[in-house]
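Visitor: what's the 3D shape of this:
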Amino acid sequence: MVVIGAGVVGLAVARALALRGREVLILEAAERFGTGVSSRNSEVIHAGIYYPRGSLKARLCVAGRDRLYEFCREHGVAHRRCGKLIVASSDSELAGLERIRGAALANGVELAPLGRAQALALEPELRCAAALHSPLTGIVDAHAYMLALLGQAESRGALLVCDNAVTALALRNDGFLIGVNGAPLSLHARALVNSAGLSAPAVARLMDGFPTERVPTPYFLKGSYFALSGRAPFARLIYPLPGPHALGVHLTLDLAGRARFGPDVEWVEELDYAVQPQRAAGFYAAIRDWWPALADGALEPAYAGIRPKITGPGEPAADFRIDGPAAHGVSRLVHLFGIESPGLTASLAIAAHVADLLA
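Guide: Okay, here's the model as predicted:
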């Protein structure tokens with residue numbers, strides 16, 4: 001079988017299938033694995049707090065979180081369960097904080113409510129009216145995690161082929177025909193998983209014989225990150241109240257203790273990863289709501305990521321779309337649409353779900 005896309009989810013799917021004894025070929029358009037969404041995010045292990053009860057995001061994030069921590073321990077992947085604070089910067093946000101706690105409890109995630117004094121005892125530089133403490137949130141070396149996934153998949157016979165963009169697809173009674181890099185349809189697969197991230201809808205539309213009405217419209221939501229010059233005075237991740245399509249400009253830490261802030265929200269038409277320095281003004285304003293001591297000139301452009309959205313501006317955020325045969329009527333085919341955050345955290349649970357759909 002063929003997995004299209006060697007991001008973190010594609011690699012997790014390939015591993016899961018290979019562990020079940022399947023012969024797996026991974027096709028990646030880029031020159032190496034994990035160069036897209038998987039390497040341009042906050043590297044956060046999410047607890048499963050924000051997502052609607054019963055949604056795929058909620059269920060797979062909670063299940064994936066526990067599997068990811070276990071996987072990292074077993075395979076020596078660098079990670080740290082550092083915890084995070086979700087903060088209400090003023091009394092007007094206290095109701096929003098309580099709504100988040102209710103959503104988390106519905107997903108089976110316990111958050112500890114903290115008054116102002118309790119929050120400042122943990123993080124003295126913080127300014128807030130109250131906070132929620134999430135002890136299950138952590139950080140992970142995403143590249144090391146992907147290397148471990150690939151290593152396990154390859155140890156069971158999976159093969160990764162990079163610089164091979166899928167440019168043609170066709171349904172056949174006995175599976176699928178695939179053309180790469182403009183070549184004719186020549187590769188045959190009995191089963192196919194489309195885990196192409198930002199390109200997943202475009203890949204689905206290539207498929208001759210697949211119902212196009214089952215393919216969502218893609219939207220690109222860019223998020224820029226700025227790094228802090230100097231060491232951060234925080235030991236935990238700090239998050240404001242979330243917005244409709246993102247979790248707000250938050251502080252994350254890498255495993256060396258360096259801080260970065262982001263992502264912000266910028267709807268774009270094309271894939272553009274340049275960080276515009278002028279966007280820093282919005283970062284200073286947002287961060288100083290909860291860290292007023294942030295000094296002028298302390299932020300430096302870092303990197304940008306683009307989230308593979310399947311709903312656009314002004315629309316509610318969508319759940320993951322993991323479309324198997326029951327959804328579209330094509331046997332041995334799974335499309336993964338809109339796999340944004342918490343896709344990294346949920347990756348092992350997503351992979352098990354996909355493998356079950358193809359069983």
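
Visitor: quick one, helices of the stretch 1-150 of the chain?
Guide: Listed from the start of the chain, the stretch 1-150 of the chain has helices (DSSP state H, counting those that start in this stretch) covering 8-19, 56-75, 94-106, 116-122, 142-155.

Visitor: just the stretch 201-350 of the chain next, same as before
Guide: For the stretch 201-350 of the chain, the helices identified by DSSP H, counting those that start in this stretch occupy 280-287, 325-328, 343-357, in order along the chain.

Visitor: if we can go back for a sec, can you check which of the helices of the stretch 1-150 of the chain gets nearest to residue 136?
Guide: Residue 136 sits nearest to helix 56-75 of all the helices of the stretch 1-150 of the chain, at 6.6 Å, using Cβ to Cβ. Using the backbone N, CA and C atoms, a C-beta is placed for each residue, glycine as well.

Visitor: Tell me how far the closest one lies from the chain's centre.
Guide: Its chain's average C-alpha position is 13 Å from that of helix 56-75, according to Cα atoms, centre = their mean, to the nearest Å.

Visitor: now, of the helices of the stretch 201-350 of the chain, which is deepest in the fold?
Guide: Among the helices of the stretch 201-350 of the chain, the stretch with the highest mean neighbour count (mean count of other Cβ atoms under 10 Å) is helix 343-357, at a mean of 24.

Visitor: follow-up on the earlier one: adding mean pLDDT and distance to residue 177 as columns, could you present the helices of the stretch 1-150 of the chain in a markdown table?
Guide: Written out in a markdown table, the entries for the helices of the stretch 1-150 of the chain read as follows (pLDDT from 0 to 100; distance: least, Cβ to Cβ, whole Å):
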| stretch | mean pLDDT | distance to residue 177 |
| --- | --- | --- |
| helix 8-19 | 98 | 20 |
| helix 56-75 | 98 | 30 |
| helix 94-106 | 96 | 44 |
| helix 116-122 | 98 | 57 |
| helix 142-155 | 98 | 24 |
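
Visitor: Would you mind finding the most buried of those?
Guide: Among the helices of the stretch 1-150 of the chain - counting mean count of other Cβ under 10 Å - the highest mean neighbour count belongs to helix 8-19, which has a mean of 28.

Visitor: Indicate which one of the helices of the stretch 1-150 of the chain is closest to residue 318.
Guide: Ranking the helices of the stretch 1-150 of the chain by distance to residue 318, with Cβ to Cβ as the measure, places helix 56-75 first at 9.2 Å.

Visitor: Return the alpha-carbon coordinates of the closest one using PDB.
Guide: Extracted C-alpha coordinates of helix 56-75, given in PDB (Å, rounded to 0.1, in the frame of the first residue of the first chain):
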ATOM      1  CA  LEU A  56     -12.200  13.400  16.500                       C
ATOM      2  CA  LYS A  57      -9.800  16.100  17.700                       C
ATOM      3  CA  ALA A  58     -10.900  15.600  21.300                       C
ATOM      4  CA  ARG A  59     -10.800  11.800  21.300                       C
ATOM      5  CA  LEU A  60      -7.700  11.400  19.300                       C
ATOM      6  CA  CYS A  61      -5.800  14.100  21.100                       C
ATOM      7  CA  VAL A  62      -6.400  12.500  24.500                       C
ATOM      8  CA  ALA A  63      -5.600   9.000  23.300                       C
ATOM      9  CA  GLY A  64      -2.600  10.300  21.200                       C
ATOM     10  CA  ARG A  65      -1.200  12.300  24.100                       C
ATOM     11  CA  ASP A  66      -0.800   9.200  26.300                       C
ATOM     12  CA  ARG A  67       0.600   7.100  23.500                       C
ATOM     13  CA  LEU A  68       3.000   9.900  22.500                       C
ATOM     14  CA  TYR A  69       4.400  10.200  26.100                       C
ATOM     15  CA  GLU A  70       4.800   6.400  26.200                       C
ATOM     16  CA  PHE A  71       6.500   6.300  22.800                       C
ATOM     17  CA  CYS A  72       8.900   9.100  23.700                       C
ATOM     18  CA  ARG A  73       9.900   7.300  26.900                       C
ATOM     19  CA  GLU A  74      10.300   3.900  25.100                       C
ATOM     20  CA  HIS A  75      12.300   5.200  22.200                       C
END
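
Visitor: Could you tell me the angle between it and helix 343-357?
Guide: 100 degrees (axes from the mean of the first three to the mean of the last three Cα atoms, to 10 degrees).

Visitor: what angle do helix 56-75 and helix 94-106 make?
Guide: Compare the direction of helix 56-75 with that of helix 94-106 by the same axes, to 10 degrees and you get 70 degrees.

Visitor: Make a markdown table out of the helices of the stretch 1-150 of the chain and add distance to residue 268.
Guide: Written out in a markdown table, the entries for the helices of the stretch 1-150 of the chain read as follows (distance: least, Cβ to Cβ, whole Å):
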| stretch | distance to residue 268 |
| --- | --- |
| helix 8-19 | 22 |
| helix 56-75 | 23 |
| helix 94-106 | 28 |
| helix 116-122 | 35 |
| helix 142-155 | 23 |
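
Visitor: Residue 261 is nearest to which of these?
Guide: When those are ranked by proximity to residue 261, the top entry is helix 142-155, at 17.9 Å, counting by Cβ to Cβ.
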